[in-house]
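[1] Show me how the following folds:
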Amino acid sequence: MAFTINDRVVHPQHGVGRVVKLESRRFGAGTAQLYYEIALAKGTIWVPVDNHAGGLRPLTARDDLPRYRGLLRSRPAPLAADHRQRQLEVSERLKQGTFRARCEVVRDLTAHGWQKPLCQSSAVLLRMAVDALDEEWAAVEGMSVADATRQVQALLLECKQAFAH
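    Numbers count the residues shown, from 1 in each chain. The predicted structure is shown next:
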């Protein structure tokens, strides 16, 4: 997908940013390549244009949020009881880099934690997924991350009330 200057994008590891320029750059001894310069809240990254944009995707459309609200309120999918298997499954889902995958992981890991405390590695994955989800939710809604966090947590509470045993 081609992006243009001022497009808002989501990088799978770095989060929400804005394309500020397209520039030919050379890093190290390599040959010059065309890169997107992405301005993030915490700095700048360069993503090669010809490398399928390094997993960049457009910011989720505001019109899609009602569907994701429903997803966060929906029945959680069961996760593997074995923490290693659960880590692999959740990590694979997050590698998709989609907003949907983040919503599902946040819902499912949160629900798993309702049954018994999450192990440290699952808790870390959940925190990372929640932070990324809240950041993008805030950007889409044009609100603070704190307000987005409250909205997401309220949706998860609705899920818990509807499906907790």
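
[2] Let me know whether residue 133 touches residue 102 as I believe.
    Yes. Under the criterion of C-beta atoms under 8 Å, residue 133 makes contact with residue 102 at 4.6 Å. C-beta: built from backbone N, CA, C; applies to glycine.

[3] next SSE after the top strand by length along the chain?
    Assignment by DSSP state E gives strand 15-25 as the longest strand of the chain. Next helix or strand after strand 15-25 toward the C-terminus (DSSP states H and E): strand 33-40.

[4] Just the buried residues of that following strand, please?
    For strand 33-40, the neighbour count (16 or more other C-beta atoms under 10 Å) marks 35, 36, 37, 38 as buried.

[5] about what we covered before: residue 133 and residue 102: which has the busier surroundings?
    residue 102 (26 against 22; other C-beta atoms under 10 Å).

[6] Next, the contact list for the more buried one, please.
    Contact analysis of residue 102 by C-beta atoms under 8 Å, 6 or more residues apart in numbering lists 94, 129, 132, 133, 136.

[7] can you give me the strands for the protein?
    For the chain, the strands defined by DSSP E cover 8-11, 15-25, 33-40, 43-48, 57-58.

[8] would you list the ones you listed in JSON lines and tack on mean pLDDT and distance to residue 108?
    Converted to JSON lines, the strands of the chain look like this (pLDDT from 0 to 100; distance: least, C-beta to C-beta, whole Å):
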{"stretch": "strand 8-11", "mean pLDDT": "93", "distance to residue 108": "20"}
{"stretch": "strand 15-25", "mean pLDDT": "92", "distance to residue 108": "21"}
{"stretch": "strand 33-40", "mean pLDDT": "91", "distance to residue 108": "27"}
{"stretch": "strand 43-48", "mean pLDDT": "90", "distance to residue 108": "29"}
{"stretch": "strand 57-58", "mean pLDDT": "93", "distance to residue 108": "21"}
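
[9] Tell me which stretches of this structure form helices.
    All helices of the chain, identified by DSSP state H, fall at 65-73, 83-95, 99-115, 120-141, 145-163.

[10] Among the strands of the chain, which comes closest to residue 120?
    Nearest to residue 120, of all the strands of the chain, is strand 15-25, at 22.7 Å by C-beta to C-beta.

[11] In its sheet, which strands sit next to that closest one, and in what direction?
    Partners of strand 15-25 in the sheet, by DSSP bridges, are strand 8-11 (antiparallel), strand 33-40 (antiparallel).

[12] Please parse this structure into its domains.
    Structural domains assigned to the chain are 8-58, 62-163, following automatic domain parsing.
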